[in-house]
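In: Pasting a predicted model and its sequence here:
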Amino acid sequence: MEIERNYSLHTLVNYRVDLKELEDFLQGRDLKQIDYFLLRKFLAYLAGKNLSKKSISRKISTLKSFFKFLVKEEILDDNPAASLIYPRLEKNLPKFLTEEDMRRVLEIVEEKEVWGLRDKALLEFLYSTGARVAETSSLRIEDVDLISGIVKVKGKGKKERLLPLGEPAILAIKNYLDRRLYHSSYLFINRRGGRLSERGIRMIVDKYIKKIALTVKVSPHTFRHSFATHLLNRGADLRSVQELLGHSSIATTQIYTHLSIDSLKRVYKRAHPRA
């Protein structure tokens with residue numbers, strides 16, 4: 001998966017955890033003793049842990065992929081996971097902030113000292129680019145061109161894409177870099193001078209969401225959802241938003257078209273002859 005398929009570290013970690021759970025459940029059984037019914041028992045065991053349907057679905061993907069590999073390598077004759085059925089997933093609409101709430105979050109950051117400047121640059125970057133938290137955490141200074149307003153991020157499957165930076169984000173990053181205390185190749189760093197972790201980014205977002213007293217649960221990914229929603233609401237086409245988000249399939253991006261009834265009403269009034 002790592003060498004041939006170029007899967008992300010996050011995916012590799014999840015699959016490794018899934019296979020360790022299977023190993024613990026098997027209690028020393030030989031691989032050739034595993035059949036469809038034993039895997040069904042394993043899934044029932046996982047269901048007893050009150051895991052979400054999404055987690056169960058990923059674990060089934062792990063099983064199918066693993067046993068397919070064993071058949072390909074001629075370790076097994078048949079794939080016992082081939083007939084496993086994925087649970088029906090609920091299509092939850094992603095949460096997003098209104099443009100007004102996003103403005104409040106970005107404006108509440110105090111920029112008197114360097115860590116406030118970092119937080120401002122981070123929040124502006126998340127909203128300006130719609131980048132994933134992992135992409136943001138791993139970003140290096142050399143990936144950011146503040147003159148042309150372009151940033152290069154490395155997404156899922158180590159695929160690189162170029163994203164435009166808005167003027168407020170460019171200014172915030174310049175101000176932060178001018179006052180930064182430590183030398184580091186990473187753009188966003190912690191108070192010890194090391195790379196700002198994904199957990200650290202989440203804690204910063206939580207801090208400012210609490211300051212404006214929002215009742216909805218907000219994560220760095222909410223900035224990504226808000227980025228996509230606001231673009232579509234203001235007339236961006238779906239294909240362009242797909243490119244900016246780094247989605248391999250436009251079907252993944254289409255979920256954002258269901259979010260704003262106000263946007264749909266505007267399109268309806270503009271386009272329908274009897275509106």
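Out: Okay, I see it.
In: Flag every buried residue along stretch 231-247.
Out: 231-233, 241-242, 244-247 (16 or more other C-beta atoms under 10 Å). All C-beta atoms are positioned from the backbone trio N, CA, C, and that covers glycine.
In: now swap in stretch 171-178 and tell me
Out: Buried, per 16+ other C-beta under 10 Å, within stretch 171-178: 172-173, 175-176.
In: Residues contacting that stretch, please?
Out: Residues external to stretch 171-178 that are found in contact with it (C-beta atoms under 8 Å, 6 or more residues apart in numbering): 111, 114, 117-118, 120-121, 124-125, 141, 144, 146, 165, 187.
In: now those residues in a markdown table, with pLDDT and neighbour count?
Out: Output for these, formatted as a markdown table (pLDDT from 0 to 100; neighbours: other C-beta atoms under 10 Å):
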| residue | pLDDT | neighbour count |
| --- | --- | --- |
| Glu111 | 88 | 16 |
| Val114 | 94 | 16 |
| Leu117 | 96 | 22 |
| Arg118 | 96 | 27 |
| Lys120 | 97 | 24 |
| Ala121 | 97 | 25 |
| Glu124 | 96 | 23 |
| Phe125 | 97 | 27 |
| Ile141 | 96 | 15 |
| Val144 | 96 | 20 |
| Leu146 | 95 | 15 |
| Leu165 | 95 | 21 |
| Leu187 | 96 | 25 |
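In: surely Leu214 meets Met102?
Out: No - Leu214 is beyond contact range of Met102, at 10.5 Å (criterion: C-beta atoms under 8 Å).
In: Which one's more surrounded, the two?
Out: Met102 (18 against 15; other C-beta atoms under 10 Å).
In: wait, what's in contact with that one?
Out: Applying C-beta under 8 Å, 6+ apart, the residues contacting Met102 are 127, 223, 226, 230.
In: Strands of the stretch 51-200 of the chain, residue ranges please.
Out: Applying DSSP state E, counting those that start in this stretch to the stretch 51-200 of the chain gives strands spanning 144-145, 150-154, 160-164.
In: coming back round to it: which one among the buried residues of stretch 231-247 gets closest to Ser197?
Out: Gly246 (20.9 Å; C-beta to C-beta).
In: if I pick the closest one, what's in contact with it?
Out: So Gly246 contacts 132, 153, 155-156, 159, 161 (C-beta under 8 Å, 6+ apart).
In: Find me the pLDDT at it, would you?
Out: pLDDT for Gly246: 90.
In: which residues sit in contact with Glu2?
Out: Residues in contact with Glu2, defined by C-beta under 8 Å, 6+ apart, are Leu12.
In: so it sits in a helix?
Out: No - according to DSSP: H, G, I helix; E, B strand; the rest coil, Glu2 belongs to no helix; its state is coil.
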